[in-house]
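Novice: how does the following fold in three dimensions:
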Amino acid sequence: MTHDSAPDIAGPAADALSSLTDSQISFIRSLPKAELHCHLNGSIPLATLQRLAAERDDLTHEVSEAVKSGLETLKQGVQLSAIGDFFGLFPAIYSLTSNPTALREVTRDVLHVFLDPKSEGDQTIPPECTYLELRSTPRKTPQMTRKQYIEAVLEEVEAYPADKAALIVSVDRRMSVDDALECVSLAVNLKSEGRRVVGVDLCGDPKVGGFTASFRQQQQTVDSSFQAGDMKEFIPAFEMVHKAGLGLTLHIAEVSYSELPPDTDVLLSTRPTRLGHATFLNDAEQKYICDNKVPIEICLTSNLLCKTVTDLESHHINAYLQQDHPVAICTDDILPFRTSLTAEYALLLAKQPLGLGLTGEQVEKIARLGMASRFTPS
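Specialist: I've put the predicted structure just below:
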């Protein structure tokens, strides 16, 4: 029998989910699962953003129109021709989450989506996951400092037990080195104060290096061999992460080598605890990851819609599964990708070509691998 998809699930995730029987969906929901790659601003329910937009009377006309356009795009369903298109979706969201009150509200709603049971008719549906590591890049706005940003998110995260939710502080490749160090320092200091920060993440447009435009121009003027994608300047920040006992996860090799800054070797040299995506790695890089059993955060729908993989059959998860390598199934950004953790697991269980056609035993093992890959609070 078929199962009607939730209204906010579409595309390949919905196709896989609707192909499963009720008992298969119940099986997926019953599994203890960890969501380890979930971006806050990409996971806000559309209804929450629409409500915030309606409440804001301080936006300029230009910003207000941009917000309306952005929300309408998200409502209609995002069509991406390449991964770079994805990063243009967020200015509208950022304008709505630019103060601590709004930030707490959206964080609360995202946590609810993943961690609270839901009602479906006369049934109670289990939470999407057992444990959530929410990640976000602290932004400085006229209404808040980066520290206030992190504290606002933590207030909501810490409303849940420590074995249910924690925060990863993200550093964006587009940041200056000083800004990256500020974010990492805040994560380290808050952890030392007993706050529930468990890791640091490197994120952002994979085609952009970790330098400001002026810094890149200056370096290229004095050294023509300087590479814009060189992440060596971020190494001291990542060393701070390790010294503080925090986990380190890196978005890595998301695009092909022809598009990729030459920084994968540098990033692997920082001894990451986990890796995000890891789609385009050469043989030597794959060997390093497998030899060191570095878990991979896999986001199936994200990869399909951003067109970094052509189909599930050619997805890099297959190679990792064949080598019995630890992976964690994640959603990435449920708002633009219109998926859920249940639907991502449906992509594992559904028969080919809608899914990978794995057995229930294989899916259960993958769920255990995800739980074992957590940055468990100390």
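Novice: contacts and neighbour counts: CA atoms only from here.
Specialist: OK.
Novice: point out where the stretch 151-300 of the chain drops to low pLDDT.
Specialist: The stretch 151-300 of the chain contains residues with pLDDT under 70 at 209-230, 257, 260-262.
Novice: and for Val197, the neighbour number?
Specialist: When neighbours are defined as other C-alpha atoms under 10 Å, Val197 has 30 of them.
Novice: leaving out chain neighbours, which residue sits closest to it?
Specialist: Distances taken as C-alpha to C-alpha, 6 or more residues apart in numbering put Leu167 closest to Val197, at 4.9 Å, once the chain neighbours are dropped.
Novice: and the one you found, what does it touch?
Specialist: Leu167 sits next to 133-136, 154, 157, 196-199 when contact means C-alpha atoms under 8 Å, 6 or more residues apart in numbering.
Novice: can you redo the residues you listed as CSV with distance to Phe375 and secondary structure?
Specialist: Output for the contacts of Leu167, formatted as CSV (distance: C-alpha to C-alpha, whole Å; DSSP: H, G, I helix; E, B strand; the rest coil):
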residue, distance to Phe375, secondary structure
Glu133, 8, strand
Leu134, 11, strand
Arg135, 12, strand
Ser136, 15, strand
Leu154, 16, helix
Val157, 15, helix
Arg196, 11, coil
Val197, 9, strand
Val198, 6, strand
Gly199, 7, strand
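Novice: turn the residues you listed into a markdown table, including distance to Val110.
Specialist: Listed next are the contacts of Leu167 as a markdown table, based on distance: C-alpha to C-alpha, whole Å:
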| residue | distance to Val110 |
| --- | --- |
| Glu133 | 11 |
| Leu134 | 9 |
| Arg135 | 11 |
| Ser136 | 12 |
| Leu154 | 13 |
| Val157 | 10 |
| Arg196 | 17 |
| Val197 | 17 |
| Val198 | 18 |
| Gly199 | 19 |
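Novice: filter these down to the buried ones and hand me the ChimeraX line.
Specialist: Those of the contacts of Leu167 that count as buried under 16 or more other C-alpha atoms under 10 Å are selected in ChimeraX with:
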select :133,134,135,136,154,157,196,197,198,199
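Novice: nearest to Gly247, of the contacts of Leu167?
Specialist: Nearest to Gly247 out of the contacts of Leu167 is Gly199 (C-alpha to C-alpha; 4.2 Å).
Novice: roughly how far apart are that closest one and Asp178?
Specialist: Plainly put, Gly199 is 19 Å away from Asp178 if you go by C-alpha to C-alpha, to the nearest Å.
Novice: again, but for Arg51
Specialist: Distance, Arg51 to Asp178, using C-alpha to C-alpha: 35 Å.
Novice: please name the bridge partners of the residue nearest to Val197.
Specialist: Leu134, Val197 (DSSP bridges).
Novice: what does Glu120 give?
Specialist: Gln123.
Novice: tell me, how many residues neighbour it?
Specialist: 8.
Novice: repeat that for the one 5 residues further on.
Specialist: Ile125 is surrounded by 15 other residues when neighbours are defined as other C-alpha under 10 Å.
Novice: and the host helix or strand of Ala152, what does it pack against?
Specialist: For Ala152, the element it lies in under DSSP states H and E is helix 146-157. Judged by 3 or more C-alpha pairs under 8 Å, 6 or more residues apart in numbering; DSSP states H and E, the packing partners of helix 146-157 are helix 100-115, strand 165-172.
Novice: tell me which residues in it are buried?
Specialist: 146-154, 156-157.
Novice: and it, how far out from the chain middle?
Specialist: Its chain's C-alpha centre and that of helix 146-157 lie 18 Å apart, by C-alpha atoms, centre = their mean, to the nearest Å.
Novice: and the angle for that helix with helix 100-115?
Specialist: 40 degrees (axes from the mean of the first three to the mean of the last three C-alpha atoms, to 10 degrees).
Novice: what does helix 146-157 contact?
Specialist: Counting by C-alpha under 8 Å, 6+ apart, 99-101, 103-104, 107-108, 111, 138-140, 165-167, 169, 183, 186, 195-196 sit against helix 146-157.
Novice: just the buried ones among those, please.
Specialist: 99-100, 103-104, 107-108, 111, 138-139, 165-167, 169, 183, 186, 195-196.
Novice: follow-up on the earlier one: Throw the buried residues of helix 146-157 into JSON lines and include distance to Thr339, thanks.
Specialist: Output for those, formatted as JSON lines (distance: C-alpha to C-alpha, whole Å):
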{"residue": "Arg146", "distance to Thr339": "29"}
{"residue": "Lys147", "distance to Thr339": "31"}
{"residue": "Gln148", "distance to Thr339": "30"}
{"residue": "Tyr149", "distance to Thr339": "26"}
{"residue": "Ile150", "distance to Thr339": "26"}
{"residue": "Glu151", "distance to Thr339": "28"}
{"residue": "Ala152", "distance to Thr339": "26"}
{"residue": "Val153", "distance to Thr339": "23"}
{"residue": "Leu154", "distance to Thr339": "25"}
{"residue": "Glu156", "distance to Thr339": "23"}
{"residue": "Val157", "distance to Thr339": "22"}
